[in-house]
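# attaching a predicted model along with its sequence, questions to come.
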Amino acid sequence: MTYVDGYLLPVSNANREAYRAMAEVGAAVFLDHGALEVVECWGDDMLRGHTTDFFMAVKAEEDENVVFSWIVWPDKATRDTGNQAAMGDDRFKEFEGSTIFDGKRMIYSGFQTLVSHRK
């Protein structure tokens with residue numbers, strides 16, 4: 001069964017295009033290192049909760065939106081080696097020290113797939 005890395009992060013509305021450009025590079029890098037799919041989503045119909053919500057989860061500020069993304073890998077072993085190779089990929093060097101988003105408020109983790117259906 002596939003393995004999924006999930007990400008949630010705040011991005012200022014002013015940096016939407018810069019984030020999209022960075023995500024395009026990232027998608028190519030991860031796909032070249034074994035990922036099956038990379039999806040980046042810009043918050044659109046975002047609900048505000050009383051106890052918690054996507055904005056609160058990443059401590060989004062007033063001028064920020066939330067990006068929800070995931071990378072699908074064939075399995076955890078491919079993810080582990082692919083992630084390590086991707087982090088050393090020269091294509092990411094142009095974004096080192098970038099302020100496109102605040103990585104300290106990014107949430108990310110790996111997930112075992114329980115159910116997956118496609119049409």
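Sure, I can see it.

# for the longest helix belonging to the chain, name the packing helices and strands.
Longest helix of the chain, by residue count under DSSP state H: helix 16-32. Where contact means 3 or more C-beta pairs under 8 Å, 6 or more residues apart in numbering; DSSP states H and E, helix 16-32 is packed against strand 37-42, strand 64-73, helix 76-87. All C-beta atoms are positioned from the backbone trio N, CA, C, and that covers glycine.

# need the contact partners of stretch 29-43.
Under the contact criterion C-beta atoms under 8 Å, 6 or more residues apart in numbering, stretch 29-43 has outside partners 2, 11, 16, 20, 23, 26-27, 54, 65-74, 78-79, 81-83, 85-86, 89, 91-92.

# extract the CA atoms of that stretch and return them as PDB.
What follows is the C-alpha trace of stretch 29-43 in PDB, where atoms were taken according to Å, rounded to 0.1, in the frame of the first residue of the first chain:
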ATOM      1  CA  VAL A  29      12.200  17.000  -7.500                       C
ATOM      2  CA  PHE A  30      10.000  14.600  -5.500                       C
ATOM      3  CA  LEU A  31       8.700  12.900  -8.700                       C
ATOM      4  CA  ASP A  32      12.300  12.500  -9.900                       C
ATOM      5  CA  HIS A  33      13.200  10.800  -6.600                       C
ATOM      6  CA  GLY A  34      10.400   8.300  -6.600                       C
ATOM      7  CA  ALA A  35       7.100  10.000  -5.600                       C
ATOM      8  CA  LEU A  36       4.000   8.900  -7.500                       C
ATOM      9  CA  GLU A  37       2.000  12.100  -7.000                       C
ATOM     10  CA  VAL A  38       2.500  15.600  -5.500                       C
ATOM     11  CA  VAL A  39      -0.500  17.800  -4.700                       C
ATOM     12  CA  GLU A  40      -0.500  21.400  -3.500                       C
ATOM     13  CA  CYS A  41      -3.800  23.000  -2.500                       C
ATOM     14  CA  TRP A  42      -4.400  26.700  -1.700                       C
ATOM     15  CA  GLY A  43      -7.100  27.300   0.900                       C
END
